[in-house]
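Asks: take this sequence and fold it.
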Amino acid sequence: MKFVLIFGPQAVGKMTVGQELAKLTGLKLFHNHMTIDLVNPFFNYGTQEGKRLVNLFRQELFEEVSKSSLYGMIFTYVWAFDHQSDWDYVDKVCRIFESKGGTVYFVELEADLEERLERNKSPNRLEHKPTKRNVEWSERELKESLKTYRLNSHKGEIVREEYIKINNTNLSAEEVAKIIKDRFQL
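Replies: Predicted structure coming up:
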């Protein structure tokens, strides 16, 4: 079982890269908004109820996939490196797969703010993430998060062997997916 965790700030291209990587490898894509947007008509993700339900759905899916005969999955995540709870969550998810003999691959994406603001309005993003269709709100949230969270790691902070950090400001999703596929021999 292969578990590819693609992380980075909002609108860096995690889902789009994941879509391309899924095409190249046969891995199943589970982007983080699949659960956020499922729960959102009932409870906003920012609420206690919303977070609980999103985490419950994700946990159950991870558990089932980890013990299945699937080749593996890709999961996208916005990781706040300055919050221990996010480190704990990533560790918990990795343990689900590793405890069943799976291999976890870390893919960190980073891109310039201007590029991310452009990607925030992309048709693919808006098609697959209903809660991001209010572009004015989404852009404001993206900029505000820069003041509140650190969404990319410091050099040497992630000490996993199966880790790659890619600045994809000037790379297409297809190019990034190929780099990931080749690096991890997926």
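
Asks: now Val39. Nearest residue, chain neighbours left out?
Replies: Nearest non-adjacent residue to Val39, counting by Cβ to Cβ, 6 or more residues apart in numbering: Leu53, 4.6 Å away. All C-beta spots, glycine's among them, are computed from the backbone N, C-alpha and C.

Asks: avg pLDDT for the helix or strand hosting that neighbour?
Replies: For Leu53, the host element (DSSP states H and E) is helix 48-66. The pLDDT scores in helix 48-66 average 96.

Asks: what's in contact with the helix-or-strand element of the chain with minimal mean pLDDT?
Replies: Least confident element among the helices and strands of the chain, by mean pLDDT, DSSP states H and E: helix 123-128 (a mean of 85). Here helix 123-128 makes contact (Cβ atoms under 8 Å, 6 or more residues apart in numbering) with Ala11, Met15, Thr16, Gln19, His31, His33, Arg119, Lys132, Arg133, Val135.

Asks: other SSEs contacting the helix holding Leu53?
Replies: Judged by 3 or more Cβ pairs under 8 Å, 6 or more residues apart in numbering; DSSP states H and E, helix 48-66 is in contact with strand 28-30, helix 33-39, strand 72-77, helix 84-98.

Asks: tell me, what residue is most central in this protein?
Replies: Among the residues of the chain, the one closest to the centroid is Thr76, at 1.6 Å (Cα atoms, centre = their mean).

Asks: ok, that one to Asp86 distance?
Replies: According to Cβ to Cβ, to the nearest Å, Thr76 and Asp86 sit 14 Å apart.

Asks: next: Arg140.
Replies: Noted for Arg140: a distance of 22 Å to Asp86, by Cβ to Cβ.

Asks: rewinding a little: give me the buried stretch members for the helix holding Leu53, please.
Replies: Neighbour counts using 16 or more other Cβ atoms under 10 Å place Gly50, Leu53, Val54, Arg58, Leu61, Phe62, Val65, Ser66 of helix 48-66 among the buried residues.

Asks: confidence score at the residue lying closest to Ala111 once chain neighbours are set aside?
Replies: The shortest distance from Ala111 to any non-neighbouring residue, by Cβ to Cβ, 6+ apart, is to Thr169 (4.3 Å). Note on Thr169: pLDDT of 98.

Asks: name the element Thr169 belongs to?
Replies: Per DSSP H and E, there is no helix or strand for Thr169.

Asks: how about the contacts made by it?
Replies: Listed by Cβ under 8 Å, 6+ apart, the contact partners of Thr169 are Glu110, Ala111, Asp112, Glu115.

Asks: which non-adjacent residue is nearest the last one?
Replies: So that's Glu115. Nearest residue to Glu115 in three dimensions, chain neighbours excluded: Thr169, at 4.9 Å (Cβ to Cβ, 6+ apart).

Asks: that older thread, next secondary structure after the least confident helix or strand of the chain?
Replies: Downstream of helix 123-128, the next assigned helix or strand under DSSP H and E is helix 135-148.

Asks: perfect, that will be all.
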